[in-house]
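Novice: 3D model of this:
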Amino acid sequence: MSKLIVCLAWPGVQLLDVSGPLDVFAEANTLLGREIYRLRVMGLNHETIISSSGVKILPDLALQEPLASCDTFLVAGAPNAGVIAPAPAVTAALQAWCRRSRRYGSICTGALLLAGCGLLDGYRVTTHWAVAEELANRYPRVVVNPDELYVCDGPLRTAAGVTSGLDLALKMVEEDLGRDVALEIAANLVMFFKRPVGQLHFSRRGRTSLAGRSSLQDLQRWAIAHLDAIKNVKTLAGHMNLSVRHFTRIFQQELNTTPAEWLEQERVAKARYLLESSPAAPKEIAAECGFSSVDILRRTFLRQLNTTPTEYRKYYLGN
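Specialist: Predicted coordinates for the structure are as follows:
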């Protein structure tokens, strides 16, 4: 018997969050020459869904329709997912669909919708890097892994979003049909079987937004402009004429991060910008960003982005 795959699309859905995963499952059908997966798009009702790109989707079924069972139920993301407040009946229907499915999950910001229904509590999940912090802050019982392209935890499957929905679908095909079939599908779709980097490699958050009291914002502006001269947290504390201990306590209270963590993020943000836009050698970039050596720059990149500065530059400059 074929496996039913249902993807719920909200008004304003990003089309690739729906079409990407479904195309991976469809490729399995094509490769094996039979209907392994039955693919259906669900709407809140039977009305045409207008995607974020303007492409129209005609749903096969509505959320309120009863169904005995489902193999995989996925909720696609939408740009406004963070402000959607589902009606109680919609929440109840979402919960029912997830509980009657062998596995369920989300693509991109669909994680915010599932979390709002209490369906992610106690699970490890991922979502698009741009809303990972919001998800963690709004739902503290959810364990958010912001760098992962996808996370599988028990019956739950979550993807970072957009193209990573394909990665998650490929993982589910591997679970169902084995590694060889999944490898063949990846080759046919011209995609990585396992991508060499996490999603934070692609994040464009840029420098940390200025936050905290005005004196701390002034410090942040000064620090960003003088990263090459800042040796450590003591330098930051000294700029404000505070002890390291007192400065660290105030900084963490106001910005919800330590000065050391903030400083490292700023160094990495500037290094990324220079690697993308400048022909400077990594050694020069390390010095300009305040890293004590190119080796420290490399180790920091590996820890934060799971890649080296040289490999990072290749993705953007191709050399």
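Novice: Tell me how far the residue of the chain most remote from its centre lies from Leu16.
Specialist: Most distant from the centre of the chain: Asn241, at 39.1 Å, with distances by CA atoms, centre = their mean. Distance from Asn241 to Leu16, counting by CB to CB, to the nearest Å: 52 Å. The C-beta positions use only the backbone N, C-alpha and C, and glycine is treated the same way.
Novice: thinking again about what came up before, the residue farthest from the centre of the chain falls within a strand, correct?
Specialist: No: assigned with DSSP: H, G, I helix; E, B strand; the rest coil, Asn241 falls outside any strand and is coil.
Novice: Could I get the full set of strands for the protein?
Specialist: For the chain, applying DSSP state E gives strands covering 3-8, 37-43, 49-50, 56-57, 61-62, 70-75, 101-107, 124-125, 143-144, 150-153, 156-159.
Novice: In terms of residue numbering, what are the domains of the protein?
Specialist: 3-201, 214-317 (automatic domain parsing).
Novice: out of those, deepest packed?
Specialist: domain 3-201 (a mean of 19; mean count of other CB atoms under 10 Å).
Novice: hmm, back to that, per-residue pLDDT of the residue farthest from the centre of the chain, please?
Specialist: pLDDT recorded at Asn241 is 91.
Novice: how near is it to Glu264?
Specialist: The spacing between Asn241 and Glu264, counted by CB to CB, is 23 Å.
Novice: Then Ile50?
Specialist: 42 Å.
Novice: and the strands of the chain as JSON lines, adding mean pLDDT and distance to Ala271?
Specialist: Shown next, in JSON lines, are the strands of the chain (pLDDT from 0 to 100; distance: least, CB to CB, whole Å):
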{"stretch": "strand 3-8", "mean pLDDT": "96", "distance to Ala271": "38"}
{"stretch": "strand 37-43", "mean pLDDT": "96", "distance to Ala271": "42"}
{"stretch": "strand 49-50", "mean pLDDT": "95", "distance to Ala271": "41"}
{"stretch": "strand 56-57", "mean pLDDT": "96", "distance to Ala271": "41"}
{"stretch": "strand 61-62", "mean pLDDT": "94", "distance to Ala271": "49"}
{"stretch": "strand 70-75", "mean pLDDT": "96", "distance to Ala271": "36"}
{"stretch": "strand 101-107", "mean pLDDT": "96", "distance to Ala271": "31"}
{"stretch": "strand 124-125", "mean pLDDT": "96", "distance to Ala271": "29"}
{"stretch": "strand 143-144", "mean pLDDT": "94", "distance to Ala271": "25"}
{"stretch": "strand 150-153", "mean pLDDT": "95", "distance to Ala271": "27"}
{"stretch": "strand 156-159", "mean pLDDT": "96", "distance to Ala271": "28"}
